[in-house]
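Undergrad: Need the 3D shape of this:
(chains A and B)
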Amino acid sequence: MTDALAATRSRLCDYALALGDDCLILSHRLSEWTGNAPDFEEDVALSNLALDLLGQARGLLTHAGELEGSGRSEDDLAYWRDDLQFRNLILVEQPKGDFAWTVTRNLLFSTYQELLYQELSQSAEPILAGIAAKGALEASYHCEHAALWTARLGDGTAESHQRMEQALMALWPLTGEMFELAPGQAELVSAGLAVDPSLVLEQWQLRVGEKLQDATLSIPRVPQRRCQGRLGFHSEHLGHLLAEMQHLHRSHPDASW
Amino acid sequence: MEQMVDDSLEDAFQHRIDAEVKIEPRDWMPERYRASLVRQIAQHAHSEIIGMQPEGNWITRAPSLRRKAILLAKVQDEAGHGLYLYSAAETLGVDREALVDMLQTGRQKYSSIFNYPTLSWADVGSIGWLVDGAAITNQLALTHTSYGPYARAMVKICREESFHQRQGFELLWHLSHGTEAQHEMAQESVNRWWWPSLMMFGPPDHSSPNSEQSMRWGIKRVSNDELRRRFVDMTVPQARALGVLLPDPELRWNESTGHHDFGPINWDEFHRVVGGDGPCNAERLTRRRRAHEEGEWVREAARSWATRHVPARIEAA
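TA: Okay, here's the model as predicted:
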């Protein structure tokens, strides 16, 4: 393998890991609703979103392991990396919160994911393109689910409206890093392998703004903070999530399941 | 006069049952038949809903992503079964909200098996293999129950339950054939779940008060003891294939009966747990109530939105 090819594979591996970690961590948070949702229909729906994202995570982590070429499996990557090695957005690791919080996060994230995946499905890297094409369809259902609830909560009761406003105020600042190009990715973008996320920012704001408007809500006037989850600098929440997720697997290092 | 009409209706009803014709929602039925079915179907639905808790306990800690996906899908199925069964109960003129209230106020029961805790990952396997295995034994018989909507719901549910049982068996097989610690985990879990699984079929026939009438009405098709016997006969060779021991020194094949003999069941424990004094009774109900209460503002918002939006949409259509 030439050095240039090896460098590209390594960058692609980081790219797939970042996208896969978003899915894995958000799937974990959504699965915390299973059995605790506001009604049984939502137990089914939120578990389904969690399953879709878990499926995407598995595809992306498996592919990241292949690109890395060191034989690490999806489980090696999910269970044997520490906080600083995770590349997910700070947004997705935030605690489950109340239902307004979950709906708001789903709206912000699934809209982003659908737009990103639509672009990525055109990638010259066939496996990423395939995962993205399937994921875009799933993300569009997730957007629909989030939009239905955004309307009902935003334009429901005074309490539900207020809860949505609070969730938006808290989560909006965390969306900035969605649209930043991680180090080393410019080369992938120019080679047509990855997507420059800043290109979907405008479309994202438009779509989210419309959904909020339909729900008598609006984009909060708070700046998007510069988060660094993509660089491995997370909030304190991730460590607790990983402790829970990884402990059993790590307690039996020689076992297979 | 009214009594005579009821008697002749009831005779006709019993003839239909005896002729194996399914009873459908709009058909006449004795009030006690309706009440008995509502109680049984609701209890079944409640069991699916409460049953999400012990297994849901391990979703965030599943030891591989593949196992996590399987477990999530399984617990999701249980919510689906609950919904499906509440709908079947609603065909009898009760509504889901009232039934859920009966569950949450402790006026209707759910299967006592879910009052036991899941203390290790292997319990996810034991629940699939033993608890779902026992449930299938019971539910397969119910696919022939006399009330049409319930019988048809059972056909669909049994298909999914059989997947649940196989995943439990496969999970335990991997543990049993894995490291020494994994094997111990599997054995320890089977030790805890075996006897409560046998109790799932209910008290022995001679002390089961509702059984006789239920049998006559075709609601119940096979007796508690007969179902329990079927389950034991089915499970013993599976345990051998798994490489785990069933914790009953008296369990052995009886050549003359063609079935397995097994030791005495601790009915005191059964009655204690049914009566509310099991390890997790209070926790399960508290958690169910909490989810419901915490969701109240969401459901209220949805109702409020619907009163203002849905009619407009129907008018437009």
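Undergrad: ok, residue B:178 touching residue B:64?
TA: No: using Cβ atoms under 8 Å, residue B:178 makes no contact with residue B:64, being 11.9 Å away. C-beta here means a position set from N, CA and C on the backbone, and glycine is covered the same way.
Undergrad: okay, and the common contacts of these two?
TA: A:256, A:257 (Cβ atoms under 8 Å, 6 or more residues apart in numbering or on different chains).
Undergrad: just for the chain, where's the confidence low?
TA: Because you didn't say which chain, this covers chain A. A:1 (pLDDT under 70).
Undergrad: wrong one, chain B
TA: In chain B (pLDDT under 70), the answer is B:1-3, B:311-317.
Undergrad: Repeat the analysis, applying 50 as the threshold.
TA: B:317 (pLDDT under 50).
Undergrad: What residues sit buried inside whichever helix in it runs longest?
TA: Longest helix in chain B, counting residues (DSSP state H): helix B:148-176. For helix B:148-176, a neighbour-count test (16 or more other Cβ atoms under 10 Å in any protein chain shown) marks B:148-151, B:153-154, B:157-158, B:160-161, B:164-165, B:167-176 as buried.
Undergrad: now the helices: where do they sit in the chain?
TA: Since no chain was named, I'll use chain A. With DSSP H as the criterion, chain A has helices spanning A:3-31, A:40-68, A:74-79, A:90-93, A:99-120, A:126-154, A:158-171, A:185-190, A:201-214, A:237-251.
Undergrad: wrong chain, I was asking about chain B
TA: Ranges of helices within chain B are B:2-18, B:31-56, B:65-90, B:96-104, B:122-126, B:132-142, B:148-176, B:180-199, B:211-216, B:224-242, B:267-272, B:281-294, B:296-316, based on DSSP H.
Undergrad: right, and these - which one's nearest residue A:32?
TA: helix B:31-56 (9.3 Å; Cβ to Cβ).
Undergrad: from the middle of its chain, how far away would the closest one be?
TA: Offset of helix B:31-56 from its chain centre (Cα atoms, centre = their mean, to the nearest Å): 7 Å.
Undergrad: What of stretch B:165-172?
TA: On Cα atoms, centre = their mean, the centre of stretch B:165-172 falls 18 Å from that of its chain.
Undergrad: Mind listing residues that contact that stretch?
TA: Taking Cβ under 8 Å, 6+ apart as the rule, stretch B:165-172 contacts A:257, B:67, B:70, B:74, B:122, B:124-130, B:132-133, B:136, B:186, B:189-190, B:238, B:242, B:244.
Undergrad: hmm, try it at 7 Å
TA: Stretch B:165-172 is contacted by residues B:67, B:70, B:74, B:122, B:124-129, B:132-133, B:136, B:186, B:238, B:242, B:244 when judged by Cβ atoms under 7 Å, 6 or more residues apart in numbering or on different chains.
Undergrad: and if you look at stretch A:117-130?
TA: Counting by Cβ under 7 Å, 6+ apart, residues outside stretch A:117-130 touching it are A:12, A:16, A:63, A:132-133, A:135-136, A:139, A:192-195, A:200.
Undergrad: ends of that stretch, how far apart?
TA: Length of stretch A:117-130, first residue to last, Cα to Cα, to the nearest Å: 10 Å.
Undergrad: That one: which residues count as buried?
TA: Result for stretch A:117-130 [16+ other Cβ under 10 Å]: buried residues A:117, A:118, A:119, A:120, A:121, A:123, A:125, A:127, A:128.
Undergrad: residues touching residue 235, list them.
TA: All of this is about chain A. Applying Cβ under 7 Å, 6+ apart, the residues contacting residue A:235 are A:90, A:93.
Undergrad: nope, chain B please
TA: residue B:133.
Undergrad: Swap in 8 Å and give it another go.
TA: Contacts of residue B:235 (Cβ under 8 Å, 6+ apart): B:130, B:133, B:246.
Undergrad: From the contacts of stretch B:165-172, list the ones also adjacent to chain A.
TA: residue B:67 (Cβ under 8 Å from any Cβ of the partner chain).
Undergrad: Leaving out the residues flanking it, which one is nearest to the closest residue to chain B within the stretch 1-150 of chain A?
TA: Taking Cβ to the nearest Cβ, chain B has its nearest neighbour within the stretch 1-150 of chain A at residue A:38, 2.7 Å off. Nearest-residue entry for residue A:38: residue B:295, 2.7 Å, with adjacent residues in sequence omitted and distances by Cβ to Cβ, 6 or more residues apart in numbering or on different chains.
Undergrad: quick one on the thing from earlier: hmm, which of the contacts of stretch A:117-130 are the buried ones?
TA: A:12, A:16, A:63, A:132, A:135, A:136, A:139, A:193, A:194, A:195, A:200.
Undergrad: how many neighbours does residue 37 have?
TA: In the absence of a named chain, chain A is used. Using other Cβ atoms under 10 Å in any protein chain shown, residue A:37 is surrounded by 21 other residues.
Undergrad: actually it's chain B I care about, not the one you picked
TA: 24.
Undergrad: Next, count neighbours for residue A:236.
TA: 8.
Undergrad: Surely residue B:200 touches residue B:110?
TA: No: using Cβ under 8 Å, residue B:200 makes no contact with residue B:110, being 11.7 Å away.
Undergrad: Could you pull out the buried residues of stretch B:228-237?
TA: B:228, B:229, B:230, B:231, B:232, B:235, B:236.
Undergrad: Contact partners for the last one?
TA: The one in question is residue B:236. B:246, B:251, B:253, B:260.
Undergrad: how does it look with 6 Å?
TA: By Cβ atoms under 6 Å, 6 or more residues apart in numbering or on different chains, residue B:236 lies in contact with residue B:260.
Undergrad: how near is it to chain A?
TA: For residue B:236, the distance to chain A (Cβ to the nearest Cβ, to the nearest Å) stands at 26 Å.
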